[in-house]
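S.K.: Show me the folded form of this:
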Amino acid sequence: MVDPVELIVGDKVYFTGSGYPRWQRDTDGDFLAYGTYGEVTSLEDIEDGLAEVYFPSIEDHIDCCVDELSFEPAPPLPGGFAVGDMLYFT
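M.R.: Okay, the predicted model is just below:
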């Protein structure tokens, strides 16, 4: 977790939340996934616990809760799975 006091514009961070399909784009279906790398672009709403982060992989700026950001890469998912792994429900 990121301490809001330590956060500055330009910091490189990783998203450690569960993902936000509500921010899904209509045209290409991108969404913010666990472990996505980004850069802090604004701290305008830091008093509300939010930081604006640009995520190059989805080419979008998103207001993220600072408790869902990390300076370190996101830890592996339970079971050793990684974002993007192909899984089958049986």
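S.K.: In this structure T16 contacts S70, no?
M.R.: Yes. The pair T16 / S70 is scored as a contact, 4.9 Å apart, by Cβ atoms under 8 Å. Every C-beta, even on glycine, is put in place using the N, C-alpha and C of the backbone.
S.K.: Those two: who's more crowded?
M.R.: Using other Cβ atoms under 10 Å as the criterion, T16 and S70 rank with T16 on top: 19 against 16.
S.K.: burial count for S57?
M.R.: S57: 11 surrounding residues under other Cβ under 10 Å.
S.K.: Test my guess that it contacts T36.
M.R.: Yes. If you go by Cβ under 8 Å, S57 and T36 touch, sitting 6.0 Å apart.
S.K.: roughly how far apart are V83 and P73?
M.R.: Distance check for V83 against P73: by Cβ to Cβ, to the nearest Å, it reads 11 Å.
S.K.: quick one: common contacting residues for these two?
M.R.: Common contact partners of V83 and P73 (Cβ atoms under 8 Å, 6 or more residues apart in numbering): G35.
S.K.: buried set for the worst-scoring helix or strand of the chain on mean pLDDT?
M.R.: None of the helices or strands of the chain scores lower by mean pLDDT, DSSP states H and E than strand 60-65, at a mean of 86. Using 16 or more other Cβ atoms under 10 Å as the test for burial, strand 60-65 gives 62, 64.
S.K.: tell me what that strand is packed against?
M.R.: strand 37-42, strand 50-55 (3 or more Cβ pairs under 8 Å, 6 or more residues apart in numbering; DSSP states H and E).
S.K.: right, so those strands: which one is the most enclosed?
M.R.: strand 50-55 (a mean of 20; mean count of other Cβ atoms under 10 Å).
S.K.: so for stretch 78-90, what's the average pLDDT?
M.R.: Across stretch 78-90, the average pLDDT comes to 82.
S.K.: Show the end-to-end separation of it, please.
M.R.: Across stretch 78-90, the terminal residues are separated by 18 Å (Cα to Cα, to the nearest Å).
S.K.: gap between E44 and F71?
M.R.: 20 Å.
S.K.: how about the helices in the protein?
M.R.: For the chain, helices defined by DSSP state H do not occur.
S.K.: Just give the closest residue to L43, not the sequence neighbours.
M.R.: Closest residue to L43 apart from its sequence neighbours, by Cβ to Cβ, 6 or more residues apart in numbering: A51 at 5.8 Å.
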